[in-house]
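# Got a predicted model here, sequence first, then my questions.
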Amino acid sequence: MGQPNLESDLMRGFLAVAESGSVTLAAARIGRTQSAVSLMIRRLEDNLGQPLFERQARGVTLTARGEQLLPYAQRVVALLDEAALALREKPLTGPVRVGIPDEYSGTILPRALAAFDERHEGLQVSVLCDHSDRQLIALEEDRLDIAVIHDTSYFQEGELLTIDPSVWVTSITHMQHLRSPVPVAVYLHSEWCREFAEASLNHQGMRWRRAWYCDVASGMRNAVTNGMAISPLSRSTIPAGCRELTAEEGFPAIDSARVLLRRNPRGTSPAIEGMAAVLREAFRPLTVARTPGAAEPLSPEAQALAPRM
C-alpha cells in the first residue's frame, strides 16, 4: 500500500473545518468556496482511506482518525505560515540593547531572545540582566534601548505586559514553611525585600529567621528547591517541585507587581520594534490567577516607599 498524499492545501482545509466545525465557516476562513473545501476533505479522506469527519445536522465533528490527524495538521500549517512570514520579512540590522529582570533570566526570556537573535543574523543583540532600578538608570544614561521592569508602585509609565505578583514559595518535599522559626531566603541589597517581603512576615506575626542570603533570583530558586528556605519569587517563576504558599497558611501575596516594557526616549528603530514584539509575545501566555483569600496589595502610596529590585 502506498503512502497517503497529505498535500499542504488539503491539510489547511482540514484544519479550517476541524477548528470551525463547519465547511461553510472554513470556506470563508481560507477564502475558498464551500464546494472546493468539501472536495478537499473528500480527497484527503480518499487518500487516507478513512472518514475524518462525522456529518451532523449542524456542522461536523472529528472522527477518531480525524482527532489523530489534527495535531499533525496544526504543526504543518503553523510551520508553513512561519516560513512564509520569515521570507516576507525584511532582515533587521543594527544593535539592540535590551534589559531584562533577573527573575526571568532562566525562564521565559532566554528562548525568545535567542530565537530573535538567530532569526536576524545581521542584528547585534546585547542583554543586561539586572534589577529594575538599575535598568531605569541605564535607560536614562542611553545604555539600553528597551527594558522589561517590575513596577510595584503603579506609578511607573510603560506598556503593560502582564501582572506577576511576588509570593512566598516552599518546596513540596521539604515543607520548610512548617518550621519555627521559618527559614527564609532574603536578598542582600534590596529595599523591596526589607520593606515588602520581610515586612509581610512581620505583619503576620510570623517567627522567622534569615537562612539564605543572595542577590539573584536564581539563588532564591535554589534555596527553595534544595530545601534550605522559603523564598519570595514572582508567581510565574515558581520552580518544579515547589508551590505557592497561601493566605490561609499565613503567607499572603507580597505584592501585585506590574511587568512593564520601557523604552529609551531618544528614539526607536525597526530592530527595536522587532525586539519589543518578541518581548510582548514572550509574556502573552502568562496568566496570573489571584490566590483565594489573598490579602489586598499595599496601596500605591505605601508601595512607592520601597521600589522593587
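Now that the structure is in, tell me what you want to look at. Numbering: from 1, shown residues only.
# Around Asn99, how many other residues sit close by?
To be clear, residue 99 is Gly; Asn isn't right here. Other residues near Gly99 come to 24 when the count uses other Cβ atoms under 10 Å. C-beta here means a position set from N, CA and C on the backbone, and glycine is covered the same way.
# all strands in the protein, in order from the N-terminus.
For the chain, applying DSSP state E gives strands covering 53-55, 60-62, 94-100, 123-129, 146-151, 159-163, 166-171, 182-187, 208-214, 231-234, 242-244, 258-263.
# I'd like the ones you listed laid out as a markdown table, including mean pLDDT.
Converted to a markdown table, the strands of the chain look like this (pLDDT from 0 to 100):
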| stretch | mean pLDDT |
| --- | --- |
| strand 53-55 | 90 |
| strand 60-62 | 91 |
| strand 94-100 | 89 |
| strand 123-129 | 88 |
| strand 146-151 | 92 |
| strand 159-163 | 90 |
| strand 166-171 | 95 |
| strand 182-187 | 95 |
| strand 208-214 | 95 |
| strand 231-234 | 94 |
| strand 242-244 | 96 |
| strand 258-263 | 92 |
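# Val98: neighbour count?
23.
# And for Glu67?
Neighbour count for Glu67, taken as other Cβ under 10 Å: 12.
# From Thr61, how far off is it?
Plainly put, Glu67 is 10 Å away from Thr61 if you go by Cβ to Cβ, to the nearest Å.
# same thing with Glu82?
For Glu82 relative to Thr61 (Cβ to Cβ), the value is 29 Å.
# Show me the shaky parts of the chain.
1-6, 85-91, 287-309 (pLDDT under 70).
# for it, what spans make up the helices?
Using DSSP state H, the helices of the chain run over 8-20, 23-30, 34-48, 64-88, 109-119, 132-140, 191-192, 199-203, 217-225, 270-283, 300-303.
# And the fourth one, how far out from the chain middle?
Distance, stretch centre to chain centre, for helix 64-88: 22 Å (Cα atoms, centre = their mean, to the nearest Å).
# tell me the angle it makes with helix 109-119.
Inter-element angle recorded for helix 64-88 and helix 109-119: 60 degrees (by axes from the mean of the first three to the mean of the last three Cα atoms, to 10 degrees).
# what sits up against helix 64-88?
Helix 64-88 is contacted from outside by 6, 8, 11-12, 14-15, 18, 48, 50-53, 62, 119, using Cβ atoms under 8 Å, 6 or more residues apart in numbering.
# at 6 Å instead, please
Ser8, Met11, Arg12, Phe14, Leu15, Ala18, Gln50, Leu52, Phe53 (Cβ atoms under 6 Å, 6 or more residues apart in numbering).
# The closest residue in space to the last one that isn't next to it in sequence pairs with what?
The shortest distance from Phe53 to any residue other than its chain neighbours is 4.1 Å, reached at Val60 (Cβ to Cβ, 6 or more residues apart in numbering). Each beta-bridge partner of Val60 is listed here: Arg55, as defined by DSSP bridges.
# My guess is Val60 contacts Glu45. True?
No. Under the criterion of Cβ atoms under 6 Å, Val60 makes no contact with Glu45, lying 11.8 Å away.
# May I see the strands of the chain arranged in TSV, with distance to Gln135 as well?
Formatted as TSV, the strands of the chain follow (distance: least, Cβ to Cβ, whole Å):
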stretch	distance to Gln135
strand 53-55	52
strand 60-62	48
strand 94-100	4
strand 123-129	7
strand 146-151	4
strand 159-163	14
strand 166-171	17
strand 182-187	16
strand 208-214	19
strand 231-234	16
strand 242-244	26
strand 258-263	8
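# Single out the most deeply packed of those strands.
Of all the strands of the chain, strand 231-234 has the most neighbours on average by mean count of other Cβ atoms under 10 Å, namely a mean of 26.
# Only C-alpha atoms, please: export it in PDB.
Extracted as PDB, the C-alpha positions of strand 231-234 are listed here (Å, rounded to 0.1, in the frame of the first residue of the first chain):
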ATOM      1  CA  SER A 231      11.700  32.200  49.100                       C
ATOM      2  CA  PRO A 232       9.900  35.300  47.700                       C
ATOM      3  CA  LEU A 233       9.500  34.700  43.900                       C
ATOM      4  CA  SER A 234       7.500  36.000  41.100                       C
END
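# Appreciated, that's everything.
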